[in-house]
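In: let's see this in three dimensions:
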Amino acid sequence: MIDALTIAERLELRPPTAEQRAVIEAPLAPALVVAGAGSGKTETMANRVLWLLANGLAAPSEVLGLTFTRKAAAELGERIGRRIDQLGAAGLLPLAEGQTEPDPFEAATVSTYNAFANTIFRDNAALIGREGDATVLSEASAWHLARGVVADTADPRILEVEAGIDRLTDLTVSLAHDLADNLADPAEVSAFAEDFLRLGELPRGSSGSGMYRDLEKALQSVGALPVLTALAERFQEAKAERGFVEFSDQVALALSILERVPRIVDEHRARYRVVLLDEYQDTSVLQTRLLARLFEGQGVMAVGDPHQSIYGWRGASAEGLGRFAVDFGSASRFSLSTSWRNGHGILAAANAVVAPLAVGGAVPVDRLAAGPGASGHPVELTFPETIDEEADDVARWFAGRIAESEEPPSAAALFRVRAHMDRFAAALSRHGVRYHILGIGGLLRQPEIADLVAALTVVEDPAAGSELVRLLAGARWRIGVRDLRALRDLSSWLASRDHAHRLLPEEVRERMRASVTEGEGGSIVEALDFIASRRPGEDGRIDHSALSGFSDEGLRRLRDAGDLFARLRARAGLDLLDFVTLVEQELGLDIEVEANETRGDGRANLEAFREAVAGYLQTDDRGAGTGSSLRGFLRWLVLADKRDGLAPRPEDPEPGTVQLLTIHGSKGLEWDLVAVPRLVDGELPGTPIEGFRGWVRLGAMPYAFRGDAAELPDLAWRSCETQKEFVDAMVDFGDTLRERNESEERRLAYVAVTRARHRLLLSGSWWAGQTKPRGPGVFLRDLAEAGTIPELPAEPQNLENPLEQAPRTFRWPHDPLGTRGDRVRAAAERVAVAEPALLGARGDDIRLLLAERAVRMSGGERVALPTRIPASRFKDIVSSPAEVTAQLRRPMPERPYRQTRLGTTFHSWVENRFGVQGATEAVDTFPDELDDAGDSAPEQEALARLIETFERSEWADRRPEAVEIEIHLQLAGHVVVCKLDAVYPAGDGYQIVDWKTGRVPKDAADLELKQFQLALYRLAFSHWRGVPLESVDAVFYFVADDLVLRPERFYSERELSESLSSATGASPRP
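Out: The predicted structure is shown next:
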C-alpha cells in the first residue's frame, strides 16, 4: 500500500504529522477524530480521501463529505476535488480496466447536513404521502402561518395562558420545532404536563400559608403545555395541508422515509463507502439519528471538537461526540492537537480557559500545541475603570497594531452580545480605524436605517409608540418634552372616548385601565393622526380643547409629521421596494446622508437596506402590495436581527478593517488581530435570558422528551412529597444548570480566543451602565492565575459609577447642527435674502444653466455606486451609468421571484443532477433567504423542455468540477460578486459555463456587452484558484436554443477596471 508520506512527497505537499498520518491511514471503519481549533482538519480529511483512493479502497464517487455551512461545504469540496486532480496527474489514481486516464465525471459528493437530508426527502417524498417540491417556508412566513393558527383557535384553554398573540405564536413555533427535532409524541408531552400539575395538590411542608411562589410559577408555565402542544400540532397540520415544510421538518421527514423504506438505506450504504462528518459536535440529535440510520458500521469518520460546541440553541450538544461509538458502532479514536493557526501565547490562554472542561468530559481532549513558526506575542490585557475607557483602549490597540504592520492585517472584535458594539465602533471611528459591523443587526443600528425602519413600523403598527417618539424627537421635527407629554395625554383622552369623541361609560374605562392588552391605554400614533385631521383656522391655529396642552410650534410640527404619515399610508398599495424608497425620500434620508460629511457610509447603508428588501421580495410570493408584505418584512427583520448574531458569518476578513461580530458568528473564521471585550462577570460568562429554570418555563419542552435527556440535568419532581421539597429541588436544578451554563460559556470563550493568529487583546472594565461594579470574569481570573495575562486590578478606584457621577448636559430637542447651528442658520438666512436681489426674476434659470455647465465641464455626473456590484449588472453600469444611477436613487420594483423562477429552477436542477458541492441548497439558508413559490403548469412544461435539450447537449456528458460557486472580485475599489454556474476541467485549464434560459443576444453589440460578465468570471476564478488567466475559458450556453456562444476576445483586467472607473467618474486604479 502507498503510505501518506509517499503521497505527500509525490504531490509536493507538506508531510503529515504523526497524528495526521494516523487519521489519514485509519481503517475504513467508524472513527472519531478530536480536532482542536486550527489543527488542519480540512486538509487532513482531503488527504485521507487521497490515501483511500490511491490504495483502491474507494472510488471518488463513493466519497460523501458533510459539513454545516454552504461556505464550508464549498471549501471542503474544492479542496478534495483539487487533491484528486493532483493525485491523477501524479499517476497515483487507480484506473478501471480499459481506462487510460481518470474519469473526469467521477467526483466526491460534498454537501451540508441539511441539504443532504433535503435531497433524501425531495427524492422520496411520495413514499410518505408528501410533495417533494413542497414550498420551504422562511422563518417569517412560518411565523405568520402559526399566528393565523393561534388567532383562529377556539380552544378556551388559551385564555389561561398569560401571553399576547405574538408571544403565543413564538411559543407555538418553538414547541413545534422541539417536538419535530426530538421525535416527541405531543400526546405524551401533554400527559406529562397534566401529571406535573398534581404538585399543586401537595401539602406546603412548612409553616406559612398559601402556595410557594416558585411552585405557582412552575404550574403556570408547565400547565400551558397541553394547549401549546395542541397549537403546535395544528401548526404542523396547516403546513401539510398547504404543501409547506420548514427547514427543521426536512430532517425529520427524511428520517421517516428511511424508517419506512429500508431500500433507501441500502441504496445509500451501497453508494457511499466513505463518509466524512465535519464539525460533528454541532450536529443535532435528529441529524445524528438520520446519519446513524444510514451509515452505522460503515466507514464513517466524524471530526469535531467538544470545546467548540457552541450551538446548543439549535439542538447541538458537546456530549454528541461521546455518543459516536454508541450511534455508529465500535469506533477508533484519534486526535489532532497541533494548531497551525495560533501563536504560543494565544494557545496558552486557550488551554487555560478550557482546562476545567478536561475533567469529566464526554471525550478526552489533548492540549493544543503550537506548530512550527508560530508567533510568540504575549496575550495583552486592558481593564480600566469605565466601558468608555475600555472602548478607547481597544480602538487605540487596533490603530497601533494596524499602523505597525507592513501589510494591512485582518482584524476583528468579538462580542458575547451586540449590546456594546456601537460604543466600540464609535471609539474605532474616533481613532481613524475603519470598521464594519457584520450582519443585518449592524445595518439596523445605523441611524439612517433605524429611522427608516421606525417610519415603516409607524405606518404598519398603530402601537409603534417608541418608534414614533424616535422620529418626533429626532432631527427633523425636534419635538420637546412638553409636547411629547401632551401627545401622550391626547392618546389617553382619545382612548377614553368613542368614535364620536363621546366619553365612554365609567365601567368600560375601568376595564380598559385594568387591561394589559396593547393599545387599550391609548396610541400616540392615533393621537398624531387626530392632530393631522384637524384643520387650522384663518389664524393658523387649531382650536380644540384636547389640544390645549401643546405649544403652537409643537402643534405645527406634529401636524406636519401627521400629514407625512397620512401621505405614506395613502401610498400603501405600492410594491414594498418602491414604498421603502418613498419613505426614505419623504424622510429626506437620501439628502441627509449626502449632506452629512460624518456619515460617509450612509448612502451605502441605504443601498444595502434596499438590497435586503429586494432579497426578501425575491422569495416572498404572498403578494406585491405593501400590506402583508410590509408586515412580513418587519417581522423578518426582527427574526433576522435575533438570529443574526447566532449564525456563522459568511463574510471573509477585510484587510485593514476591524470587523465587529458576535463570538457565535466568528466560528470557522480567523484574523491576524483579535480583541475580545467585556470579559466581566455577568457578560462573559453571561447568564441566559430565561434564567436557570431549564424546561420549567413557559413553552419549553420537558427534558425527558429530548433526545439527549441522559446528558441533561434532572429535576427530581416526581419524588417530591411536599411543596417545600419541590422548591428545594428547583434550587438544586438551578445550580446544576448554572454549572452547565459556565461550561457552555467556557467553550464560547475558547472559540473567541482561538480565532486570533498573532495578536490577542482581552479587555473589560468595572463600570458600564450598572449600579454595582463588575469585576474581571472567571475566565480572566483563570488566565491571570495561569500567568498568561498580566495581573488583574483587585478593585475599582471608584465606589460609585463614574459614568453616572460625571456631569452631563443635554440640549433637547437635539440640534442636528450642534454648536454651529446658529451660525449656519444665520448664514442661510443671509443667502436667502441676497439671492433674489442678485439674480433677479431669472434666478432659477440661471442656477439651472450653471448646474448643467458644471456637469458638462466635469465630463459627466459622478456615479455613486454601492461597494458590492453583481457581475450580472456590470454591463448596465458601464453602458448606461446614468440609468443605473437613477435606478439606485429611485429603484423601480422588479419581480425576479416570478420572472426568474424558471431560470432558478433550471439552475437548481443542474446542481442537483451533478451533486458536486451543494453550495446553494436552500435548506441551509438563514432568515434572509425565504420561501420559494411552487411552479405553475406552464413553467413545468418549459422546464421539461430545457432539461430535454440539456440532456442532448455536450454538457450532459461532462462532469463539472464545481457548480454554483460565488467568488468576490476586487476591482477599481469595488467588490464584484461573481456567481459561476459551472466550472468544467478543460485540458490543462478550465472552462466556465454560464447557463442562459432567456433569449440569445440580438446582435454583435449585445453580445459584446454580455461578455463583460464572462470576462469577470474568468478573472475572478483565476484569482480565486491561483491559475493563469489564459488557462480559463468561458462560454454562454443558451439552453432553449441549444446554442454555445463564445466572445471573440475577453476584456483584460485593466480594461475591466478602466471601464468601471470611467462609468463612475473615478480615476482608474493601477
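In: let's see whichever strand or helix holds residue 1061 as CSV, backbone CA atoms only.
Out: Assigned by DSSP states H and E, residue 1061 belongs to helix 1053-1064. The C-alpha coordinates for helix 1053-1064 follow below in CSV (Å, rounded to 0.1, in the frame of the first residue of the first chain):
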residue,chain,number,x,y,z
GLU,A,1053,-8.3,43.1,-16.0
ARG,A,1054,-7.1,46.6,-16.9
GLU,A,1055,-9.9,47.1,-19.4
LEU,A,1056,-12.5,46.0,-16.9
SER,A,1057,-11.0,48.3,-14.2
GLU,A,1058,-10.9,51.3,-16.7
SER,A,1059,-14.5,50.6,-17.8
LEU,A,1060,-15.8,50.7,-14.2
SER,A,1061,-13.7,53.7,-13.3
SER,A,1062,-14.9,55.6,-16.4
ALA,A,1063,-18.5,54.8,-15.6
THR,A,1064,-18.3,56.0,-12.0
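In: buried stuff in it?
Out: 1053, 1056-1064 (16 or more other CB atoms under 10 Å). For the C-beta atoms, the positions are set from N, CA and C on the backbone; glycine is no exception.
In: cool, stretch 12-26 as well?
Out: Buried-residue list, stretch 12-26, by 16+ other CB under 10 Å: 13, 16-17, 19-26.
In: find the least confident helix or strand in the protein, judged by mean pLDDT.
Out: helix 896-899 (a mean of 42; mean pLDDT, DSSP states H and E).
In: secondary structure element for residue 746?
Out: Counting by DSSP H and E, residue 746 is found in helix 723-753.
In: which strands or helices does that helix pack on?
Out: Helices and strands touching helix 723-753, by 3 or more CB pairs under 8 Å, 6 or more residues apart in numbering; DSSP states H and E, are helix 213-223, helix 344-354, helix 663-666, strand 671-676, helix 778-786.
In: can you put these in JSON lines and add mean neighbour count and distance to residue 553?
Out: Converted to JSON lines, the helices and strands packed on helix 723-753 look like this (neighbours: other CB atoms under 10 Å; distance: least, CB to CB, whole Å):
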{"stretch": "helix 213-223", "mean neighbour count": "18", "distance to residue 553": "50"}
{"stretch": "helix 344-354", "mean neighbour count": "24", "distance to residue 553": "58"}
{"stretch": "helix 663-666", "mean neighbour count": "24", "distance to residue 553": "46"}
{"stretch": "strand 671-676", "mean neighbour count": "25", "distance to residue 553": "47"}
{"stretch": "helix 778-786", "mean neighbour count": "19", "distance to residue 553": "53"}
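In: among these, which is nearest residue 833?
Out: Closest of these to residue 833 is strand 671-676, at 53.1 Å (criterion: CB to CB).
In: show me what the closest one packs onto, helices and strands only.
Out: So strand 671-676, by 3+ CB pairs under 8 Å, 6+ apart, packs with helix 387-403, strand 411-415, helix 723-753, strand 756-763.
In: average model confidence for it?
Out: Mean per-residue pLDDT for strand 671-676: 98.
In: mind checking how far that strand is from the chain centre?
Out: Distance of strand 671-676 from the chain centroid (CA atoms, centre = their mean, to the nearest Å) equals 21 Å.
In: who does that strand pair up with?
Out: strand 411-415 (parallel), strand 756-763 (parallel) (DSSP bridges).
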